[in-house]
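> Next input, structure requested:
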Amino acid sequence: MRQTWRWFGPQDRVSIDDMMQAGVEGVVSALHHVPTGAVWTPEEIAIRHQAIRTRKDGRPSPLTWDVVESLPVSEDIKKQQGDWKTHIANWKLSMRNLRDSGIEVICYNFMPVLDWTRTDLAWERPNGARCMRFDLTDFAAFDIHILKRAGAAEEFPDAIVEAAARRFAEMTDQQRDKIAGNVVFGLPGAAEKFTLENVREHLAEYNNISEDRLRSHLIDFLSEVTPLAEELGVRICCHPDDPPFPLLGLPRIMSTQAHYEAILTAVDLPANGVTFCTGSLGARPDNNPVEIFKALADRVHFLHLRNVNIEGTEVKNSFFEDEHLTGHTDMIGMIQAIVAEEKRRKDAGRADWSIPVRPDHGQDILDDIGRDAQPGYPAIGRLKGLAELRGVYRTFERVIAAE
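Numbering: from 1, shown residues only. From the prediction side, this is the model:
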């Protein structure tokens, strides 16, 4: 298990030196400043490599850029409109340039419009820690009363619709603006920053795109890029939907084991794989992340280990980002399964036996509070999570080695 951290580049409040002190072995990064659909040039890729190899005082760092997260897939590709064919050609050229620089793992997602959705980016826990939260009532208030999407109320239970109306009536204008900003925050560091009108325009363009049609567009995309990935020795891996249930009337196609199996079967090449995120898949009660991992393990190219606490029994529910070893996912069982899979791969002679993993997200604790880092990506909270995960991993590593 190669231990990595996500880094958003030189503007990130968490530094290369911080990662070194946390015991990180590799870095997960992306060129967020490059517009979606454009080519990642060798020059820009080299600049990011050099930044990762350099400490604050100019001395060399031992860290390397191991995983790209994400090489974005444009809305044009997802909808198969506009410049989508040019964007696929640019994605392939970017992948070739990344491989030429030494990178073998590329994460992407196929979520329409927004890359992830939360209603609170700094929800206070009883112990004073802060975490990200998705509150279904707040989201319904946004969807029905702030965004004013046609038909939105029909997609929530009556009790939630009623609660959302009360919640919206009690909000100040500042609170309404904050929830709207949180919902459309999207991917931290992304080049695009959506307004409500942008969201409405994008939603309208998905009116005639069903789940089956969006899945066919993903298969078309993978049919184009996966053979090249196979040729280059690159492993591409799709991140699950976050949250893993429909929102804003948009289709969801990467939320369950069945969703992944459909894509892996349709483009059945080893390079076509999974970014396995226990937090995303674990945000719906009918998903068992440990069992899903075991079923998909052969094609898992990248791991995100985080936990969420679900606040309901329905597929669409409220949840918050919990500590790494508590929440819906049996993280102890998850790490045991990872160690077993890595041993299986190593015994089979696979070069990719050590799976890159990052302690996805983390609660803001201690001096994280007030640091104003990317939401979900604190220094100390992730350090704590990584230390916990590392300890469990080392334990199972020793137990399995002794068997």
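
> how far does stretch 38-45 stretch from start to finish?
13 Å (CA to CA, to the nearest Å).

> what residues does it touch?
By CB atoms under 8 Å, 6 or more residues apart in numbering, the residues outside stretch 38-45 that reach it are Leu31, Val34, Leu71, Asn90, Leu93, Ser94, Asn97, Leu98, Asp100, Ser101. Every C-beta, even on glycine, is put in place using the N, C-alpha and C of the backbone.

> since we're on the first one, how many residues are nearby?
Applying other CB atoms under 10 Å, we find 21 residues neighbouring Leu31.

> Ala46 is in contact with that one, correct?
No - with contact defined as CB atoms under 8 Å, Leu31 does not reach Ala46; the gap is 11.0 Å.

> Skipping adjacent residues, who's closest to Val183 in space?
Nearest non-adjacent residue to Val183, counting by CB to CB, 6 or more residues apart in numbering: Phe142, 5.4 Å away.

> Over to Trp40?
Spatial nearest neighbour of Trp40, chain neighbours left out: Ser94 (3.9 Å); criterion: CB to CB, 6+ apart.

> Identify the residues contacting the one you found.
Per CB under 8 Å, 6+ apart, neighbours of Ser94: Val39, Trp40, Leu71.

> May I see the buried residues of the lowest-mean-pLDDT helix or strand in the chain?
When the helices and strands of the chain are scored by mean pLDDT, DSSP states H and E, helix 196-205 comes last with a mean of 88. Buried residues in helix 196-205, defined by neighbour count with 16 or more other CB atoms under 10 Å: Val199, His202, Leu203, Glu205.

> ok, now stretch 284-296?
Arg284, Asn287, Asn288, Pro289, Val290, Ile292, Phe293, Lys294, Leu296.

> give the contact list for the residue nearest the centre of the chain.
In the chain, the centroid-proximal residue (CA atoms, centre = their mean) is His239; its distance is 5.6 Å. Contact partners of His239, counting by CB under 8 Å, 6+ apart, are Glu69, Ser70, Cys107, Tyr108, Asn109, Met254, Thr275, Cys277, Ser280, His304.

> The fifth one pairs with what?
Looking back up the chat, that one is Asn109. Counting by DSSP bridges, Asn109 is bridged to His239.

> tell me the contacts of it?
By CB under 8 Å, 6+ apart, Asn109 lies in contact with Ser70, Val73, Asp115, Cys238, His239, Pro240, Asp241, Met254, Thr275.

> Lowest-confidence entry in these?
Within the contacts of Asn109, Asp115 has the lowest pLDDT, namely 87.

> and that residue, how far is that from Asp83?
Using CB to CB, to the nearest Å, we find Asp115 at a distance of 20 Å from Asp83.

> what about these two, which has more around it?
Asp115 (18 against 13).

> Name the nearest residue to Val113, sequence neighbours excluded.
His202 (4.6 Å).

> So that neighbour is in contact with Glu75, correct?
Yes - His202 lies in contact with Glu75 (CB under 8 Å); the separation is 6.5 Å.

> Out of the contacts of Ser94, flag the one nearest to Glu230.
Distance to Glu230, by CB to CB, is smallest for Leu71 among these, at 16.4 Å.

> tell me which residues of the lengthiest helix in the chain are tucked away?
Ranked by residue count and defined by DSSP state H, the top helix of the chain is helix 379-402. Residues of helix 379-402 classed as buried under the neighbour-count rule (16+ other CB under 10 Å) are 379-386, 388-390, 392-393, 396-397.

> just stretch 82-94 next, same as before
Residues of stretch 82-94 classed as buried: Trp84, His87, Ile88, Asn90, Trp91, Lys92, Ser94 (neighbour count, 16+ other CB under 10 Å).

> would you list those residues in a markdown table and tack on distance to Arg149?
Shown next, in a markdown table, are the buried residues of stretch 82-94 (distance: CB to CB, whole Å):
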| residue | distance to Arg149 |
| --- | --- |
| Trp84 | 25 |
| His87 | 27 |
| Ile88 | 30 |
| Asn90 | 32 |
| Trp91 | 30 |
| Lys92 | 35 |
| Ser94 | 34 |
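
> from the residues you listed, which ones fall inside helices?
Going by DSSP H, the helices hold Trp84, His87, Ile88, Asn90, Trp91, Lys92, Ser94 from these.

> got JSON lines for those, with pLDDT too?
Shown next, in JSON lines, are these (pLDDT from 0 to 100):
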{"residue": "Trp84", "pLDDT": "98"}
{"residue": "His87", "pLDDT": "98"}
{"residue": "Ile88", "pLDDT": "98"}
{"residue": "Asn90", "pLDDT": "98"}
{"residue": "Trp91", "pLDDT": "98"}
{"residue": "Lys92", "pLDDT": "98"}
{"residue": "Ser94", "pLDDT": "98"}
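
> Just the strands from the stretch 51-200 of the chain, written as ranges.
Ranges of strands within the stretch 51-200 of the chain are 65-69, 105-109, 120-124, 130-134, based on DSSP state E, counting those that start in this stretch.

> quick one on the thing from earlier: now, which of the buried residues of stretch 82-94 sits nearest Asp17?
Distances from Asp17 to the buried residues of stretch 82-94, taken as CB to CB, are shortest for Ser94 (28.9 Å).

> For the protein, give me the ranges with low pLDDT.
For the chain, residues meeting the criterion pLDDT under 70 lie at 186-194.

> how about the helices in it?
Taking DSSP H as the criterion, the chain contains helices spanning 16-21, 42-52, 75-79, 84-100, 136-141, 158-170, 173-183, 196-205, 211-232, 257-266, 278-281, 289-296, 331-347, 379-402.
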